[in-house]
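Novice: coordinates only, no sequence provided:
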């Protein structure tokens, strides 16, 4: 079966079914109109944000152009977040947007749009309009969507404009979508005026048969999100029955229908524009992460329903694939600010206090496990909540370097004499693929001692008890502290010069070595090398203790967040009750 999509030039595209569910347009002659008889087709402002992904966002724009919803009722606004790869010029050349708008401002919540006259002619994708807004700074996903919303409000939301929006559709620049996604989102919103937000079921971009995200609920006791509602949630019973019937909220199951939820993802999210004007835009403090969850909970607080249409889908990369210590900073900082908006005073202090304790414990643990700058990022998370440090996290930790670059004098891999450049690796799963972050060939070429590798492997790692690679020693430890102490004593005579640490995974407190070589398991071609000496650890403990005191005072004086601010507050009084 095929689906036909009207185009402004009098042709129709036919989308055939494919394995990934994406439309494959083939032009055919047609003159029929698909507008509903006797009703007005809603106007949709589509908001997108991109940074240095010009080809990726071009593919998403092409997916939008073959939607079964009439694309001549789409006004697409793309925020180019100060890309350095020529994104704006690339999109101008390919799609001939009607407007190229400069936004020379350092703050997304204080836009300064330089709107030129609308260009003659039509964009090549068939949208009613296509606008590229060029930010002069990278304002993050949060600031980028706020830029889009501000442009929609200022330029499109005019009583005399044919483009005055009924809905705002947020779309990520790294999704792919079937041709029916927009139509299915709109049908749910049109069918229930009480709905403020409609979300989309997310399937794995590399395995479209696998659903990776459906229902999301907020747990006010922990401050965390989960696929299932917490005990006592008003939707708990209905959700449990549904999950048992379909086989669970994730996986290779059949999904259909509409579910009421607490949160939907902004990778594809349809918002009623009148509700957006009431609830406000995204919290300008966030940069990335939790901005969509914050928005959903504010919509619910304002009495608007948040629902998920299981029949509307997008293909996306699982969000945890992108996690780094720096990205976790935003998620953990912003969730505390989010809770301050939605939890009553009696619960708020307890929940935030528990979050602080967890952060500070994780920070100290990371330091003990040789993850020094990771420990500092976690500590900064708690501190920055207390002092109100907003926006982007400045660079923390050593710069990245290629693992194949020649070692620098005085670095972890340069060595100090014969046999001194030994290296402990934890855990050992990636030793063969990463080269331990220290290039032996370069060391040999320069007459430096070649690092001797000692694998420190937890006994739960598959193959831990087998033979190590040639030329590598292996030390196996158990998860208890007694075993860790004994294995440190075993390393006493080896005196390793550096510890190769796999971020967020290392759990062995190596006591020896003057350097840490940080490896990201997602990118083994690069590493970060830092000095790890007693003085640095002592200084960290001092900062950590000061942060503990600051957090205690913050919790003691904490009150629920109330603000009439449009960017993250409650602009309408009814929403803040």
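Specialist: It's in. Predicted model, so just to flag it, every value in this text is computed and none were measured. Residues are numbered from 1 along each chain as shown.

Novice: residue 298: how many residues sit nearby?
Specialist: Residues contacting residue 298 under the criterion other C-beta atoms under 10 Å number 24. From N, CA and C alone the C-beta is placed, and that goes for glycine too.

Novice: where does the nearest residue to it once chain neighbours are set aside land on pLDDT?
Specialist: Among residues not flanking residue 298 along the chain, residue 279 sits closest, at 5.2 Å (C-beta to C-beta, 6 or more residues apart in numbering). pLDDT recorded at residue 279 is 96.

Novice: give me the buried positions along stretch 218-233.
Specialist: The neighbour-count check on stretch 218-233 (16 or more other C-beta atoms under 10 Å) flags 218-220, 223, 228-229, 233 as buried.

Novice: got the domain boundaries for this protein?
Specialist: Residue ranges for the domains of the chain, per automatic domain parsing: 41-174, 175-323, 401-533.

Novice: can you name the residues that contact the closest residue to residue 100 other than its chain neighbours?
Specialist: Excluding the flanking residues, the one nearest residue 100 by C-beta to C-beta, 6+ apart is residue 132, at 5.2 Å. Going by C-beta atoms under 8 Å, 6 or more residues apart in numbering, residue 132 touches 78, 80, 88, 91-92, 97, 99-101.

Novice: recalculate using a threshold of 7 Å.
Specialist: Going by C-beta atoms under 7 Å, 6 or more residues apart in numbering, residue 132 touches 78, 80, 88, 91-92, 97, 100-101.

Novice: how about the domains of the chain, which one is nearest residue 565?
Specialist: domain 175-323 (7.3 Å; C-beta to C-beta).

Novice: for the top strand by length along the chain, packing partners?
Specialist: The longest strand of the chain (DSSP state E) is strand 305-316. Strand 305-316 sits against helix 181-191, strand 195-204, strand 258-260, helix 291-301, with contacts defined as 3 or more C-beta pairs under 7 Å, 6 or more residues apart in numbering; DSSP states H and E.

Novice: rewinding a little: export the domains of the chain to TSV and tack on distance to residue 332?
Specialist: Converted to TSV, the domains of the chain look like this (distance: least, C-beta to C-beta, whole Å):
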stretch	distance to residue 332
domain 41-174	15
domain 175-323	9
domain 401-533	13
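
Novice: nearest to residue 539, of the ones you listed?
Specialist: Checking the domains of the chain against residue 539 by C-beta to C-beta gives domain 401-533 as the closest, at 10.0 Å.

Novice: residue 542: which of the domains of the chain is closest?
Specialist: Going by C-beta to C-beta, the one of those nearest residue 542 is domain 401-533, 14.9 Å.

Novice: measure the closest one end to end?
Specialist: 21 Å (C-alpha to C-alpha, to the nearest Å).

Novice: so which residues of this structure form helices?
Specialist: Here the chain has its helices, by DSSP state H, at 54-65, 87-95, 140-151, 181-191, 236-246, 273-279, 291-301, 325-342, 345-368, 372-387, 431-434, 440-445, 481-490, 534-556.

Novice: now do the last one and helix 372-387, the angle between them.
Specialist: Relative orientation of helix 534-556 versus helix 372-387 (axes from the mean of the first three to the mean of the last three C-alpha atoms, to 10 degrees): 30 degrees.

Novice: just how off-centre is helix 534-556 within its chain?
Specialist: Relative to the centre of its chain, helix 534-556 is centred 28 Å away, using C-alpha atoms, centre = their mean, to the nearest Å.

Novice: can you give me the pLDDT of residue 289?
Specialist: On the pLDDT scale, residue 289 is placed at 94.

Novice: okay, now it: neighbour count?
Specialist: By the criterion of other C-beta under 10 Å, residue 289 has 22 neighbours.

Novice: and residue 462, by the same measure?
Specialist: Neighbours of residue 462 using other C-beta under 10 Å come to 7.

Novice: that one and residue 263: what is the separation?
Specialist: Going from residue 462 to residue 263 by C-beta to C-beta, to the nearest Å gives 36 Å.

Novice: next one: residue 53
Specialist: On the measure of C-beta to C-beta, residue 53 and residue 263 end up 25 Å apart.

Novice: name the residue in those two with the higher neighbour count.
Specialist: With neighbours defined as other C-beta under 10 Å, residue 53 and residue 263 compare such that residue 263 has more, 24 against 16.

Novice: hmm, the more buried one is touching residue 226, no?
Specialist: No - using C-beta atoms under 7 Å, residue 263 is not in contact with residue 226; the gap is 10.0 Å.

Novice: next, show the common contact partners of these two.
Specialist: Listed contacts common to residue 263 and residue 226 are nil; contacts here mean C-beta under 7 Å, 6+ apart.

Novice: what's near enough to touch residue 356?
Specialist: 382, 551, 555.

Novice: next: residue 379.
Specialist: Each residue near residue 379 by C-beta under 7 Å, 6+ apart is listed here: 363, 543-544, 547.

Novice: local confidence estimate at it?
Specialist: Looking at residue 379, its pLDDT reads 98.

Novice: any idea how far residue 241 is from the nearest residue to it once chain neighbours are set aside?
Specialist: Ranked by C-beta to C-beta, 6+ apart and with sequence neighbours excluded, the top spatial neighbour of residue 379 is residue 363, at 4.4 Å. Distance, residue 363 to residue 241, using C-beta to C-beta: 41 Å.

Novice: higher neighbour count, these two?
Specialist: residue 363 (26 against 9).

Novice: got a list of what that one touches?
Specialist: With C-beta under 7 Å, 6+ apart, residue 363 has these contacts: 375, 378-379, 544.

Novice: show me which of those is closest to residue 532.
Specialist: Proximity of the contacts of residue 363 to residue 532 (C-beta to C-beta) peaks at residue 375, which lies at 10.7 Å.

Novice: wait, residue 558 touches residue 347, no?
Specialist: No - if you go by C-beta under 7 Å, residue 558 and residue 347 don't touch, sitting 11.1 Å apart.

Novice: which helix or strand in this structure has the lowest average pLDDT?
Specialist: In the chain, the helix or strand scored least confidently by mean pLDDT, DSSP states H and E is strand 25-29, which has a mean of 33.

Novice: pLDDT weak spots in the stretch 201-350 of the chain?
Specialist: For the stretch 201-350 of the chain, the stretches with pLDDT under 70 are 320-321.

Novice: same check, this time on the chain
Specialist: For the chain, the ranges with pLDDT under 70 are 1-38, 320-321, 404-451, 503-504, 572-577.

Novice: 50 instead, please
Specialist: 1-38, 406-421, 428-444, 574-577 (pLDDT under 50).

Novice: looking at the buried residues of stretch 218-233, which are in strands?
Specialist: Taking DSSP E as the definition of strands, those contribute 218-219.

Novice: CSV for the buried residues of stretch 218-233, including distance to residue 66?
Specialist: Output for these, formatted as CSV (distance: C-beta to C-beta, whole Å):
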residue, distance to residue 66
218, 35
219, 39
220, 42
223, 41
228, 36
229, 36
233, 39
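
Novice: what's the most distant pair in the buried residues of stretch 218-233?
Specialist: The largest separation in these, counting by C-beta to C-beta, is between 223 and 228 at 15.8 Å.

Novice: surely residue 472 touches residue 456?
Specialist: No - if you go by C-beta under 7 Å, residue 472 and residue 456 don't touch, sitting 11.0 Å apart.

Novice: more crowded one of these two?
Specialist: residue 456 (25 against 17).

Novice: who does the more buried one form a beta bridge with?
Specialist: Counting by DSSP bridges, residue 456 is bridged to residue 475.

Novice: please begin residue numbering at 114 from this point
Specialist: Yes, from this point I'll number from 114; that puts the last item at residue 569.

Novice: thought it was touching residue 588?
Specialist: Yes - the pair formed by residue 569 and residue 588 meets the contact definition of C-beta under 7 Å, at 5.0 Å.
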